[in-house]
Structures are given as C-alpha cells and as structure tokens.
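K.L.:
Got a predicted structure here, sequence first:
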Amino acid sequence: MKVTVFGIGYVGLVQAAVMAEVGHDVVCIDVDQNKVDRLKEGHIPIYEPGLTPLVTSNYEAGRVDFTTDAKMGIEHGEVIFIAVGTPPDEDGSADLKYVLAVAETIATHMESHKIVINKSTVPVGTADKVSAKLAETLAKFNKSVTYDVVSNPEFLKEGAAVNDCMRPDRIVLGTDSETAEKKLRELYSPFNRNHDKIIVMDIRSAELTKYAANCMLATKISFMNEMSNLAEVFGADIENVRRGIGSDPRIGYQFIYPGCGYGGSCFPKDVQALARSASDAGYTAQILESVELVNYKQKEKLFSYISSHFSGDLAGKTVALWGLSFKPNTDDMRESSSRVLMEALWKAGAKVKAFDPEAMEETQRIYGSRDDLSLMGTKEAALEGADFLVICTEWQAFRAPDFELIKEKLTLPLLFDGRNLFEPKLMMEYGLQYYAIGRGL
Ligand code: UGA
C-alpha cells in the first residue's frame, strides 16, 4: 500500500520504517531539508535500538524515501499519517499549529480521496479540527475531493520503539468510516497476525484512549512515589511494599517503581495537556493535577537528600553523576530528572562530572560548555576527584558497579541512588553511606 508520513520524529520515523519493512511503499515528508539529506546518507537523528539498520536497509531497498516535497508525498499516499510534534503551549496545553499546517498542506495538494490519520498525541476534538481545516482549504481551492480522518494513536516506548511498533499490544482505530476501517485493517494486517489487536471505536474515544493510557501509567508512578515518601515518614521500606502490592495481579508489578520522578516527551506533557483541556472544558481533573505536582516534587528529591546531608553547604563540591537520559536505552533528555538535579547543584555552587552511555552529545547540546559541567568518557572517569556519587538513570551498566572502586575514587563514601538499584545492607557492608528513594534510610 502507498503510505505517506508527515513528520520524521520518533513516532513518524519508526512507523515509516516498520511499514516499509513489511512491504508498504512509504514516503516521509519533513520540512527540515538537513534532516532529510542526513537520513538519505544513513544518519538517523535519534538513538533507538534497531532503528538504524531498519531505516537504512529499507531506504536502500527503495521501500522508504525521505523528502521535503509535500506535493509529491501527498500524490503518493492513499493513506497519509500526521506524526508531527504537538509541543506544550505556555499553559501546558498541546499546540496544534503543526498538525493543522499539515492538514492545510494535504488539502492544498490532494486530488483524490485520502485517508488522513492522526498519529500525533492530540487533544480530544483534534480530528474534528483537522476535518474542518481540510474542508476549509478544499473549499478555498474549489475542490470537491473526499477524505476520511482517523485517530490512530501510537503507544510505542522510547528505547523499545521498533519492537513496540512491530508487535503492538493493540491498534486503536477511531473512525466513523467503513471505507477507512477496511483500508486500515489491510494496512495493519501484517502486524495483526496471531490474534485481533484492532480495536475500533469512535474518534473522540480513540483520542482520549491515548491520554488515558499515559495518564494511568503516570498515575501509577506518582502514586508509588507518594507511597515512598510515606515509607520514609513511617520508617518502612518501599521496595518491600512494592513487592507486596505488585503480587496482586490486579495491581501488577509494572510501572510501580519509585524513583526520582518520571520524564520524557510523553508523560509530563500528556498529563499536563489533559489536565489543561479538562480545565478549559470547566472540569478540574484533581487526580491529574496531583500526579503532576507529586512528580514535580519528586524530581527535587535527590537534591533535597544531598542538600540536607551537607546542611545546605554544597559550594565547591564535585558531584559524580551517572545517568542523564530520562530513562535507559535512549539519549532523550526531555524532562529528565537529571536536569532538575544538575541545575539545582549548579545553583548551590557545586560542579558536576557526568557520564551517560548515550546522552552525552545531547547534554552538550543543551548546556554547551560550562565550567561546572564535565562530560566524562566512562562511569569510572566521572568518579575521579568527585566527592560523592548520584545515580539518576537505571542503565544496565550501572547495576553491578565495582563498589570498592567507587569508595576508593570518591573523597566521601557516599552514594545517592534515584532508582533504588542496590540493597542497602550490601552498601553498608561496602562501607558506603547510601541514600535511596523511600527505603527508610
Ligand atoms: C510512554 C509510554 O510508556 C508509552 O506507552 C507511550 O506510547 C509513550 O509514552 C508515548 O506517549 O509516546 P516513554 O515516554 O518512552 O513511553 O517512557 P516510559 O518507559 O513510559 O517511561 C517514562 C518515565 O517513567 C521514565 O522517566 C521512567 O524512568 C519513569 N518510570 C517508569 C518510573 O519512574 N517508574 C516506573 O515504574 C516506570
């Protein structure tokens, strides 16, 4: 099937690559000529396991192409995905200007029936706005071409995006058109093999499903972070509590890991956007607002442990920091807890020596060169001359470090762990003073 994807970001690129892999004929459009040129040379703009070989092999086989030529792309695809960004507005609501600009471009160039699919995470009601924009633009050009607008939210996780897209748990289709449903069933049939994963519903429910899924997961995390604070208040160990509740299959073990807060491009933005659109509609989403507030405070947790350990006197201290990305297996630093920590440490006069397996370039890009930040080539090098160690991200490479070496390199035997990676007893045996989240330490 001939498919066009607008927006070569995380969602668009992964979606395009897996569709090409199963044999669809895909054209990707982006406004960024440099990105397009680099992709054609095999430079993938994001770090995502398995994505580079998938994109390059499909590009070389002629199943996926990259261009800035929107007209050509629109002529090409019978199905057109909109996968452009929806950055938060100043008040936290999703900004639809890119989505609507693509709708306008599609209507400007379309000469035959198109199925326009919204993949971007967009507020409930956006499909109606896309429809209206298509209708308005078609009318402007006096064209009587027909179209269907479908909401087909994406549920991929960064770091596991290729696998999530190849083997989706569910494929949500929000549509009121039988023609569109039939076409999309065909498009997705290679991903819908063992059992039927397609869930068809009305458009607004599909739009809300995307937010509800992310907000539910964010709620689980903030709930656990609140419990970890209570564990501290009451002298309990949240890790025991986590195992105790996770064993109930109705609760489950997933997404109940306490830590130094959730980050990334989705949870913070989506919780905020749903809360704002609820409030715009006159409804106060109290749970969502609390989820956001708890997370905001949780991101300050590590700094508050550190600051109270040193009675607020951090001037001149050097901090070894392991983990900069918002989670392992990505170089994404958006809303990462490490940023809140670093910025607080700098404000307090401390220096940071940081290491991350993938996010060094991104950190450099965000913060540039500064005297109080050294980006080190290995986790061991980050320890050299540092006073104490902080861990912000649970990369596999940090899970079994040489504790003797840590103690030897640091000037103080002191470790702050934002992801509860180690057993407090073991840390004591190594003679390390250990702070973790909600472990009553
Ligand atoms: C999230 C959702 O998990 C995907 O299903 C969704 O499709 C995606 O957003 C999206 O909307 O595009 P992602 O942002 O890639 O995916 O990252 P997650 O793996 O969900 O992690 C988010 C944050 O939660 C990370 O900072 C992680 O450290 C934190 N987290 C996760 C916890 O603090 N505790 C947990 O138990 C789990």
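P.N.:
That came in fine, so what should we check first? Residues are numbered from 1 along each chain as shown.

K.L.:
Which positions in the stretch 101-250 of the chain make contact with the ligand?
P.N.:
Within the stretch 101-250 of the chain, the positions near the ligand by C-beta under 6 Å from any ligand atom are 121, 154-158, 214, 217, 221. From N, CA and C alone the C-beta is placed, and that goes for glycine too.

K.L.:
Kindly recompute the last result at 5 Å.
P.N.:
The stretch 101-250 of the chain comes close to the ligand at residues 155, 157-158, 221, as judged by C-beta under 5 Å from any ligand atom.

K.L.:
Drop anything exposed from those.
P.N.:
Among those, the ones that count as buried by 16 or more other C-beta atoms under 10 Å are 155, 158, 221.

K.L.:
Could you list the buried residues of the longest helix anywhere in the chain?
P.N.:
Longest helix in the chain, counting residues (DSSP state H): helix 203-234. For helix 203-234, a neighbour-count test (16+ other C-beta under 10 Å) marks 203, 206-211, 213-215, 217-229, 231-232 as buried.

K.L.:
do the same with stretch 383-393
P.N.:
383, 386-393.

K.L.:
Need these in CSV (columns: secondary structure and distance to Val27).
P.N.:
Below are the buried residues of stretch 383-393 laid out as CSV (DSSP: H, G, I helix; E, B strand; the rest coil; distance: C-beta to C-beta, whole Å):
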residue, secondary structure, distance to Val27
Leu383, helix, 49
Ala386, coil, 50
Asp387, coil, 54
Phe388, strand, 52
Leu389, strand, 48
Val390, strand, 45
Ile391, strand, 43
Cys392, coil, 39
Thr393, coil, 36
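
K.L.:
Pick the one among the residues you listed closest to the ligand.
P.N.:
Proximity of these to the ligand (C-beta to the nearest ligand atom) peaks at Thr393, which lies at 7.4 Å.

K.L.:
Per-residue confidence, that closest one, what does it come out as?
P.N.:
Thr393 is assigned 98 on the pLDDT scale.

K.L.:
And for it, nearest residue in space, chain neighbours not counted?
P.N.:
Gly323 (2.8 Å; C-beta to C-beta, 6 or more residues apart in numbering).

K.L.:
Next one: that neighbour from Asp248, what distance?
P.N.:
30 Å (C-beta to C-beta, to the nearest Å).

K.L.:
Ok, Thr318 next?
P.N.:
According to C-beta to C-beta, Thr318 and Asp248 sit 44 Å apart.

K.L.:
The two: who's more crowded?
P.N.:
More crowded of Thr318 and Asp248, by other C-beta atoms under 10 Å: Thr318, with 19 against 9.

K.L.:
tell me the contacts of that one?
P.N.:
By C-beta atoms under 8 Å, 6 or more residues apart in numbering, the residues touching Thr318 are 350-353, 385-387.

K.L.:
Then Thr175?
P.N.:
Counted by C-beta under 8 Å, 6+ apart, Thr175 has contacts 148, 150-151, 181, 184, 200, 203, 206.

K.L.:
first to last residue in stretch 141-158, what's the distance?
P.N.:
End-to-end distance for stretch 141-158: 40 Å, by C-alpha to C-alpha, to the nearest Å.

K.L.:
what mean pLDDT does it have?
P.N.:
The pLDDT scores in stretch 141-158 average 96.

K.L.:
now stretch 13-28
P.N.:
On average, stretch 13-28 scores 97.

K.L.:
Show only the entries of the contacts of Thr175 found in helices.
P.N.:
Assigned to helices by DSSP H, the following of these qualify: 181, 184, 203, 206.

K.L.:
in what helix or strand does the residue lying farthest from the centre of the chain lie?
P.N.:
Relative to the C-alpha centroid of the chain, counting by C-alpha atoms, centre = their mean, Asn142 is the outermost residue, at 40.8 Å. Using DSSP states H and E, no element contains Asn142; it sits outside every helix and strand.

K.L.:
measure it to the ligand for me?
P.N.:
Note on Asn142: its distance to the ligand, by C-beta to the nearest ligand atom, to the nearest Å, is 39 Å.

K.L.:
okay if I get the buried ones among the residues of the stretch 101-250 of the chain next to the ligand as CSV plus distance to Asp65?
P.N.:
Supplementary listing: those in CSV, determined by distance: C-beta to C-beta, whole Å:
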residue, distance to Asp65
Phe155, 26
Glu158, 25
Ile221, 39
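
K.L.:
between those, which is nearest Ala281?
P.N.:
Phe155 (24.5 Å; C-beta to C-beta).

K.L.:
and that closest one, which of the three is it?
P.N.:
Classification of Phe155 by DSSP: H, G, I helix; E, B strand; the rest coil places it in coil.
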